[in-house]
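> how would this look folded up:
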Amino acid sequence: MAKRKEENLSFLENAKRPRQEELEDFDKDGDEDECTLSFTNGTSTLTAAEVGIIESIQLRNFMCHSMLGPFKFGSNVNFVVGNNGSGKSAVLTALIVGLGGKAVATNRGSSLKGFVKAGQNSADISITLRNRGDDAYRANVYGNSIVVQQHISMDGSRSYKLKSEKGAIVSTKKEELIAILDHFNIQVDNPVSVLTQEMSKQFLQSKNEGDKYKFFMKATQLEQMKEDYSYIMETKERTKDQINQGEERLTELKRQCLEKEERFQNIAGLSTMKTNLEYLKHEMAWAVVNEIEKQLNAIRDNIKIGEERAAKLDRKMEEQQVRLNDAEKRYKDIQDKLEKISEETNARAPECMALKADVTAKTRAYNEAEVLYNRSLNEYKALKKDDEQLCKRIEELKRSTDQSLEPERLERQKKICWLKEKVKALQDEENSAYQEIEQFQYAIEKYKAEHVRIKREDIDVKHALNYNQRQLKELKDSKTDRLKRFGSHVPALLEAIDDAYRRGRFTHKPIGPLGACIHLRDPELALAIESCLKGLLQAYCCHNHADERVLQALMKRFYPPGSSRPQIIVSEFRNEMYDVRHRAAYHPEFPTVLTALEIDNAVVANSLIDMRSIETVLLIKSNSVARAVMQSQKPPKNCREAFTADGDQVFAGRYYSSEITRPKFLSRDVDSEISDLENEIENKKSQIANLEQHLSALEKDIKHNEDFLKRCQLHYKELKMKIRKSSSEIRELENIEEHQSVDIATLEDEAEENKIKMKMVEKNMEHQKENMENLKSLKIEAEKKYDSIKLKINQLSELADPLKDELNLADSEVDSQKRGRQHYEDKQKEHLDTLNKKRRELEMKEKELEEKMSQARQICPERIEVKKSASILDKEINRLRLKIQAEHASHGDREEIMKQYQEARETYLDLDNKVRTLRRFIKLLEEIMTHRYKTYQQFRRCLTLRCKLYFDNLLSQRAYCGKMNFDHKKETLTISVQPGEGNKASFNDMRALSGGERSFSTVCFILSLWSIAESPFRCLDEFDVYMDMVNRRIAMDMILKMADSQRFRQFILLTPQSMSSLPSSKLIRILRMSDPERGQSILPFRPVTQEEDDNPS
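Have a look, this model is predicted:
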């Protein structure tokens, strides 16, 4: 993203139109009397700034400018000059915003989105800071410069990119920018560092002297120190509140201590305690009776609920039987439909083959009839032409009296014989060409059919390759985490389940995936077990539906909408596995799925038994043996189906081949699986390469044969034309007779005979055309019949595929319903056993109640209403007995009370010590703060005096007088300036000054603040806008003099003046901005000279 932005900036910079931009040198012929300060190299021993100064700024879509910059600043004095609208203030605003300042600090807007140019989506600011020398910030990371890039969006949000000198992104966090600014002591919101024209006007023209004082405090950072002291004082007051709370707690602890002491001194009498003990015993006797009665009521309620549940289970068993009958009927119906479709498909196959042969024969007959018709048509056209020529000849002979010579006739006869021999040779060549055309057409059809078959095979192999590559990736991921075999999200999902369980969201922690909870006894049976369990390997078990809802919510976070989620099985968790010995399949040689697995968790085993009846499925490695066991003889008892090592499913009456070739979840040797899969992938790639090579060869053969076919067809047409031309020439020669021997009567007879032939040929053509039309209709009818029977066969095949899937689903449904019925039968049996136990328990409790009531009447004849439980009463009796015994022993009880009293006293003394310590801390803090506040006042006084001295000194350079009165109690600052002789004039408020005098005073005040504050650079906006030439020159001299004495700092001054009168110096750089042309949106900057670019200091 950063790269694209840089490219965009570069593109805009290169695309801008050339404009006349000037970076002027100072006027070397300036008036030396007016400029008393001369800048020359070597006038100061101070070196150029190494850290914190601004090397360049570049803007894009900022405020009303599409592109500004890049501006390359010098290390000391920089003047940015230009008329209003040229972008000077935009540069200063971008400096504040680009270094993290708020929009309100610029006085140009209240929100960052206001700085984005109208019609644009975002704005970009790029600022380069110098980072050299010993004080460089992370020089090994950033290098000699730090590039701060800020991107401002239309919604007012902004993002940062901090880059090194080489353009590498180091950080995008604002905290890093703040650390850089703190390291360089850059404060963009400090008016000493950046003073806008609006801020200058505000503090000089403000009627409120408190605002000026706040300005001074903020510029010298005294305001920050004052706020820190205020925060410490607030902390002190909070500590005092804690002390007051501790004193209140002390009062409470003292009261408790006195109570313990009083309890120690006052012990109750023994007689009262003994009376209470007897009454408690009476209550205890009837409390036991009450509890047994409550237990009886609870047992009766449980028996009632159990009887209702037994009736409910009976209803469910009946409903399950109905569903089982429906499932078996549905299975039988689908099986009958499938068998009917299979029989119908087999019955239609011979008819389809016969119709295909019939279509081929009728197509050939139609083509032959069409050839005969075309031949007759050509013959008819030739006869017609002969007839026209004969008629013409007869007319010519009748008109002509000339006679030809005999040699000419002999010559014509000789030529006719030669032409007839030529026609015969051409006809033989025509027949040969026709046979070649048929051969090429047959070869092309054969190659195209082969191409379609190979193309389909290539697509299938590519699909298989993609599947193998995905499986290989999953296997490689599972090497580090076996759980990833069951899905890439499974480890994260299990962590979420653990976290939810720790928070108490689950009654019982869900178990899964089930495939991760089982282990194979025989690795060779992995594919067979996967084919049997299928999706259950990825399933999860929940104790109840509430846990299922929580798990579903967790799964939504990891499985996107529309994707398949693992199955969730809801069944009550039991610690013991089902006893399936009475319904499990058994074979002396082959295990069931249940016995082939090691399952440590009973919940997993029970779920697989409920959902798949794994105790009834045999595993037989050999396909032939599996067929023999399940189909050649009666299947073993309770055995429903069997699976082979290849994953094939074998029933008593049918056999289904597996589409899976290798195990995905249960394989132990992952490396071997990966190696086999990689070999298979290589084989697939090799197979694809061979197929594509074969396809390419077929395409070449097809093209070559098509080229040969075109040439043969062209040759065939040429032969036709030659035969037609030679025949015509023969007829012309035969029709020519010499005038001397011509017998007009003979020619007329020949013409009549020719007409008879034409009629015969025409009649033959009509017969052939009728025959051709009949053959065409027969061909079309045969094709329709063939297409119809073929469509029916395809429809039957399409119907059979979903029926097979439905048959498998129906078979699974039958098995599921049988398991459901068995489940409810087991539940009912278990529930009836529990119900009988409850009934026996009720009889025992009734007998126990009679015994307890008899015992209670012996202790207390009249029944007492008791509100406390027997356990509470037992505790009270024991406590009272112990108290009585302690009173008898006398000392034991007093020692316990004494112990409690000592503990209360120690707690009181400990808290009292802590309160005293805090009081001493507060006292010490007050002393430290008093001392530091005095130091703060001294520091403030020094800064105030320095500011006054600098201000007076700067004013005196133009014979001005001025006063700065600081009132730190009222927090006010009064500035008075008097131009001219100070002894002859009174001091006036700065608002009474002219614009130039006020601006000059502003410069003096700013320079005085510059002298007492630290910052790597100072920015001043239009400092001389209201000055006359004299004030401007004096102010300029003062600024340049200070800059010369502080070459380790950078000065950036914005002014609408030309600055052409300044002296020439390499320490001064002028960046002149021209007014933007109409429609111009890019304002470029370039250095004054190449020398200044190479030596910015």
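> low-confidence ranges in the stretch 551-700 of the chain?
For the stretch 551-700 of the chain, the stretches flagged by pLDDT under 70 are 668-672.
> So which residues of it form helices?
593-596, 602-612, 623-627, 670-735 (DSSP state H, counting those that start in this stretch).
> of those helices, which approaches residue 150 most closely?
With Cβ to Cβ as the measure, helix 670-735 is the member of these nearest residue 150 (49.6 Å). (C-beta placed from N, C-alpha, C; glycine too.)
> excluding its backbone neighbours, what's nearest residue 944?
Spatially, and ignoring its direct neighbours in sequence, residue 944 is nearest to residue 966 (5.0 Å; Cβ to Cβ, 6 or more residues apart in numbering).
> Give me the phi and psi angles of residue 185.
Torsion angles at residue 185 (phi, psi; degrees, to the nearest 10) stand at phi 60, psi 40.
> Who are the packing partners of the lengthiest helix in the chain?
Identified as the longest helix of the chain according to DSSP state H is helix 270-399. The helices and strands touching helix 270-399, judged by 3 or more Cβ pairs under 8 Å, 6 or more residues apart in numbering; DSSP states H and E, are helix 670-735, helix 744-859, helix 870-889.
> Take those and lay them out in a markdown table including mean neighbour count.
Output for the helices and strands packed on helix 270-399, formatted as a markdown table (neighbours: other Cβ atoms under 10 Å):
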| stretch | mean neighbour count |
| --- | --- |
| helix 670-735 | 15 |
| helix 744-859 | 15 |
| helix 870-889 | 14 |
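> and the gap between the spatially closest residue to residue 621 that is not a sequence neighbour and residue 835?
Nearest non-adjacent residue to residue 621, counting by Cβ to Cβ, 6+ apart: residue 645, 4.1 Å away. For residue 645, the distance to residue 835 (Cβ to Cβ, to the nearest Å) stands at 47 Å.
> same question, residue 627
48 Å.
> now residue 278
44 Å.
> could you check the angle helix 870-889 makes with the strand or helix carrying residue 936?
Assigned by DSSP states H and E, residue 936 falls within helix 891-956. Going by axes from the mean of the first three to the mean of the last three Cα atoms, to 10 degrees, helix 891-956 is angled at 100 degrees with respect to helix 870-889.
> could you point out which element follows helix 891-956?
strand 961-967.
> For that next one, name the packing helices and strands.
Counting by 3+ Cβ pairs under 8 Å, 6+ apart, strand 961-967 packs on helix 209-219, helix 891-956, strand 972-978.
> if we go to 10 Å?
Here strand 961-967 touches helix 209-219, helix 891-956, strand 972-978, helix 995-1012, going by 3 or more Cβ pairs under 10 Å, 6 or more residues apart in numbering; DSSP states H and E.
> And these: which comes nearest residue 326?
helix 891-956 (76.2 Å).
> if we can go back for a sec, now tabulate the helices and strands packed on helix 270-399 in JSON lines and tack on distance to residue 311.
Below are those laid out as JSON lines (distance: least, Cβ to Cβ, whole Å):
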{"stretch": "helix 670-735", "distance to residue 311": "53"}
{"stretch": "helix 744-859", "distance to residue 311": "10"}
{"stretch": "helix 870-889", "distance to residue 311": "36"}
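> Select, out of these, the one closest to residue 213.
Closest approach to residue 213 among the helices and strands packed on helix 270-399 is made by helix 870-889 (74.1 Å; Cβ to Cβ).
> between the helices and strands packed on helix 270-399, which gets nearest to residue 542?
Among those, helix 744-859 sits nearest to residue 542 (Cβ to Cβ), with 16.4 Å.
> one step back: which of the helices and strands packed on strand 961-967 sits most buried?
helix 995-1012 (a mean of 22; mean count of other Cβ atoms under 10 Å).
> about what we covered before: please state the mean pLDDT value computed over the longest helix of the chain.
Mean pLDDT, computed over helix 270-399, is 80.
> which element follows that helix toward the C-terminus?
For helix 270-399, the succeeding helix or strand toward the C-terminus, using DSSP H and E, is helix 406-480.
> and that next one, how far from the chain's centre?
Put simply, helix 406-480 sits 52 Å off its chain's centre (Cα atoms, centre = their mean, to the nearest Å).
> what do you get for stretch 699-707?
49 Å.
> go on, stretch 925-942?
57 Å.
> who touches it?
Identification of contacts with stretch 925-942 by Cβ atoms under 10 Å, 6 or more residues apart in numbering yields 216-217, 220, 222, 225-226, 228-229, 232-233, 235-236, 239, 966, 968, 1012.
> Which single one of those is nearest to residue 258?
residue 239 (29.2 Å).
> What angle do helix 209-219 and the helix or strand hosting that closest one make with each other?
Using DSSP H and E, residue 239 sits in helix 222-265. For helix 222-265 against helix 209-219, the angle by the same axes, to 10 degrees is 90 degrees.
> Return the list of helices and strands in contact with helix 222-265.
helix 209-219, helix 891-956.
> so residue 242 makes contact with residue 911?
No - assessed by Cβ atoms under 10 Å, residue 242 is found out of contact with residue 911, at 11.8 Å.
> Report the central residue of this protein.
residue 560 (11.1 Å; Cα atoms, centre = their mean).
> Phi first, then psi, for that residue.
Dihedral angles for residue 560 - degrees, to the nearest 10 - are phi -70, psi 160.
> for residue 1058, same thing?
The phi/psi pair for residue 1058 (degrees, to the nearest 10) is phi -80, psi -30.
> Tell me how far residue 253 lies from residue 911.
For residue 253 relative to residue 911 (Cβ to Cβ), the value is 6 Å.
> Distance to residue 384 added to the helices of the stretch 551-700 of the chain, as CSV?
Compiled in CSV, the helices of the stretch 551-700 of the chain are given as follows (distance: least, Cβ to Cβ, whole Å):
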stretch, distance to residue 384
helix 593-596, 89
helix 602-612, 87
helix 623-627, 77
helix 670-735, 11
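> Compare those helices and give me the one nearest residue 904.
Closest to residue 904 of the helices of the stretch 551-700 of the chain, according to Cβ to Cβ: helix 602-612, at 53.6 Å.
> Output the closest one as CSV, nothing but the C-alphas.
Extracted in CSV, the C-alpha atoms of helix 602-612 (Å, rounded to 0.1, in the frame of the first residue of the first chain):
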residue,chain,number,x,y,z
ALA,A,602,-17.6,-44.9,27.4
VAL,A,603,-19.5,-41.9,26.0
VAL,A,604,-17.7,-42.3,22.6
ALA,A,605,-18.4,-46.1,22.5
ASN,A,606,-22.1,-45.7,23.4
SER,A,607,-22.5,-42.9,20.7
LEU,A,608,-21.0,-45.1,18.0
ILE,A,609,-23.2,-48.0,19.1
ASP,A,610,-26.3,-45.8,19.0
MET,A,611,-25.6,-44.1,15.7
ARG,A,612,-23.9,-46.9,13.7
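> That one versus helix 744-859: what angle between them?
Between helix 602-612 and helix 744-859, the angle comes out at 140 degrees (the same axes, to 10 degrees).
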